[in-house]
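Peer 1: Return a 3D structure for these sequence lines:
(2 chains)
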Amino acid sequence: MKTMVKNLYGWLDERFDLSPLIDFMSKKNVPVHRHMIWYYMGGVTLFLFIVQVMSGILLLFYYKPGADSAYESMRFILTKVNFGWLIRSIHSWSANLMVFFAFVHMFSTYFTKAYQKPREMTWVTGFLLLALALGFGFSGYLLPWNELAFFATKVGTDIVGALPLIGKPIMAVLRGGEDVTGATLTRFYAFHVAMLPAVFTVLLGLHLVFIQRQGMSEPEELARLPEDQKKWMPFFPNFVLRDAFLWLVVLNVLLFLAVFYPWDLGFKADAFAPAPAGIRPEWYFMFMFQTLKFLPGHILFVEGELVGILFFGIAGIAWMFVPFWDIRAKSTSKFNPMVIIGLISLIFIIVMTIVGYLM
Amino acid sequence: MEEQKTSRRKFLNFIIGGGLLGWVASVVYPIFSYLIPPKVPEAVVNSIKAGSVADFPSNSGKIVKFGRKPVLLIRTDTGEFLAFTATCTHLDCIVQYRQDIKQIWCACHNGIYDLNGRNVSGPPPKPLDEYKVNIVNDEIVIINELG
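Peer 2: Next up, the predicted model:
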């Protein structure tokens, strides 16, 4: 058996020259320090993405897009298909956990300043991956064609329509017409199962290659230490095994949630029924939704909604380019401007989300 | 001689670059056009019948189909009939008549309109369009006067 593996390796090595790659991997080290826990957040997000791909493919076997079939096929999956409820519940829970861990990963990268040179592009690809993950969430939310999703989609796409000049055409492309109809569902289905996965996979590949090539970022306090006081851990097998253990823990948590708190299907969407009370988007859009709710109809001469959209648009773009306008604090100063900006953003998001659920 | 050579190079680069740009445009244009949904012709609806007066209690509201658009039909306390477009001017949700506050309410962002369709509270930026309601032989007829 051992010789067979060795022979196979020899055969491949002869053709693809694997030795430098193996050599590179075996020398890879991970810095050991008290903020190490944050290194695992990206890995957990990656694991949940893999769960999403697998459970999503399974759902495709029974799901039928279309205003007359989507909700019915979901009900079929939930009530008739063996373990259908479990697969669907895993897909919903894992989606939410994935977005949650992506946010944790992003903020931990931000506060440990891991985005600084030379990792600017890792940050930018990471930001784009989070944006795509939100796109996955938004498009996937509509697919069961239930009441809440129908109105959330109406609101979400109408927000885009408020943009001057380009808003209406983009809204028509997203909706596949003037209103949210079966045509919108078909489009969201195409986004969710084909377009977004294709783009996401390419960006994810880049993101991972960047990380492997550059290694883990050392936090400032560790980088200042003399070489002989730094502690390291080999990437293979120590770090990978710790990663694998955490993935197992996350899988168990996911299964617990999926089994004991299965996701609701709700009522079928009806284009001629009033919006139900308590209509709300997925939790990760809540802070934006709540902010829009607070804005008055008009701010000066501009529609309040437009002011809100422009604010979030500009803030998002600024966030994406953080490594390029990073303000370095003077070592004498107690207040780091980037930490303050980060804290304000984080507190704003958390407070608005909580307020959204309380009101 | 040398100068002639570079200007020829420049010319060729221009032609090839321009050709490439044209080729990209010829690929991208059909794709974008494909994504813009075609206009579906729809019958122009100017009026609909919404049932008989006797079936419609006072102080209540109901969404009725006006062609492809939802319209909110209300019968007030005093028995008067009113009709407004049911689409909230804020973010496109469908509004409803609230019996307790006797106003029109949008559940999405807590927008409130009075019984003239005026936006009186919350985020809606514009009033709701009003439709005319006629009673013909005890039957409710909703008419779009805006055309």
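Peer 1: and the residue of the stretch 201-350 of chain A found nearest chain B, how many neighbours does it have?
Peer 2: Nearest residue of the stretch 201-350 of chain A to chain B (CB to the nearest CB) works out as A:Pro274 at 3.4 Å. Quick note: C-beta positions are derived from backbone N, CA and C, even for glycine. Neighbour count of A:Pro274, defined by other CB atoms under 10 Å in any protein chain shown: 25.
Peer 1: Would you mind listing the outside residues contacting stretch B:54-61?
Peer 2: B:62, B:72-79, B:81, B:96-97, B:99, B:102, B:104, B:138, B:140 (CB atoms under 8 Å, 6 or more residues apart in numbering or on different chains).
Peer 1: May I see the buried residues of that stretch?
Peer 2: For stretch B:54-61, the neighbour count (16 or more other CB atoms under 10 Å in any protein chain shown) marks B:Phe56, B:Gly61 as buried.
Peer 1: care to break chain B down by domain?
Peer 2: B:1-38, B:47-143 (automatic domain parsing).
Peer 1: now check the shortest one, is it near chain A?
Peer 2: The reference is to domain B:1-38. Yes: for domain B:1-38 and chain A, the contact criterion (CB under 8 Å from any CB of the partner chain) is met by B:Leu35, B:Ile36, B:Pro37.
Peer 1: Kindly supply the ChimeraX command isolating those of those that are buried.
Peer 2: Selecting only the buried entries of those in ChimeraX, with 16+ other CB under 10 Å as the criterion:
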select /B:37
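Peer 1: In JSON lines: the residues of domain B:1-38 next to chain A, plus secondary structure and pLDDT.
Peer 2: Output for these, formatted as JSON lines (DSSP: H, G, I helix; E, B strand; the rest coil; pLDDT from 0 to 100):
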{"residue": "B:Leu35", "secondary structure": "helix", "pLDDT": "88"}
{"residue": "B:Ile36", "secondary structure": "coil", "pLDDT": "87"}
{"residue": "B:Pro37", "secondary structure": "coil", "pLDDT": "87"}
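Peer 1: What is the nearest of the residues of domain B:1-38 next to chain A to A:His105?
Peer 2: B:Leu35 (32.5 Å; CB to CB).
Peer 1: Check which helix or strand the residue nearest to that closest one when sequence neighbours are not counted maps to.
Peer 2: Nearest non-adjacent residue to B:Leu35, counting by CB to CB, 6 or more residues apart in numbering or on different chains: A:Val173, 5.1 Å away. Using DSSP states H and E, A:Val173 sits in helix A:167-175.
Peer 1: which element follows that helix toward the C-terminus?
Peer 2: Sequence-wise, the next helix or strand downstream of helix A:167-175 (DSSP H and E) is helix A:182-190.
Peer 1: That following helix: what's the following helix or strand?
Peer 2: helix A:196-214.
Peer 1: And the helix or strand following that following helix, how far out from the chain middle?
Peer 2: Next in sequence after helix A:196-214, counting helices and strands by DSSP H and E, comes helix A:220-223. Relative to the mean C-alpha coordinate of its chain, helix A:220-223 is positioned 29 Å out (CA atoms, centre = their mean, to the nearest Å).
Peer 1: With only the CA atoms kept, save the helix or strand following helix A:220-223 in CSV.
Peer 2: Moving toward the C-terminus from helix A:220-223, the next helix or strand (DSSP H and E) is strand A:231-234. The C-alpha trace of strand A:231-234 is given here as CSV (Å, rounded to 0.1, in the frame of the first residue of the first chain):
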residue,chain,number,x,y,z
LYS,A,231,6.4,31.1,19.1
TRP,A,232,5.2,29.2,16.0
MET,A,233,3.2,26.2,15.1
PRO,A,234,3.5,24.2,11.9
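Peer 1: Each with direction, which strands does strand A:231-234 pair with?
Peer 2: Its sheet considered, strand A:231-234 pairs with strand A:29-32 (antiparallel) by DSSP bridges.
Peer 1: contacting residues around the partner strand?
Peer 2: Against strand A:29-32 from outside (CB under 8 Å, 6+ apart): A:36, A:39, A:215-216, A:218-219, A:222, A:230-235, A:238-239.
Peer 1: helix or strand right after the helix or strand that contains A:Met106?
Peer 2: Element membership for A:Met106, per DSSP H and E: helix A:84-111. Where DSSP H and E defines the elements, the next helix or strand beyond helix A:84-111 is helix A:120-142.
Peer 1: What angle do helix A:84-111 and that following helix make with each other?
Peer 2: Here the directions of helix A:120-142 and helix A:84-111 differ by 150 degrees (axes from the mean of the first three to the mean of the last three CA atoms, to 10 degrees).
Peer 1: what's the spacing between A:Lys230 and B:Arg8?
Peer 2: Applying CB to CB, to the nearest Å, the value for A:Lys230 to B:Arg8 is 60 Å.
Peer 1: Specify which residue of the two has the higher count of neighbours.
Peer 2: Neighbours were counted for A:Lys230 and for B:Arg8 using other CB under 10 Å; A:Lys230 has more, 14 against 10.
Peer 1: Relative to A:Glu221, how far out is the more buried one?
Peer 2: Counting by CB to CB, the gap from A:Lys230 to A:Glu221 is 11 Å.
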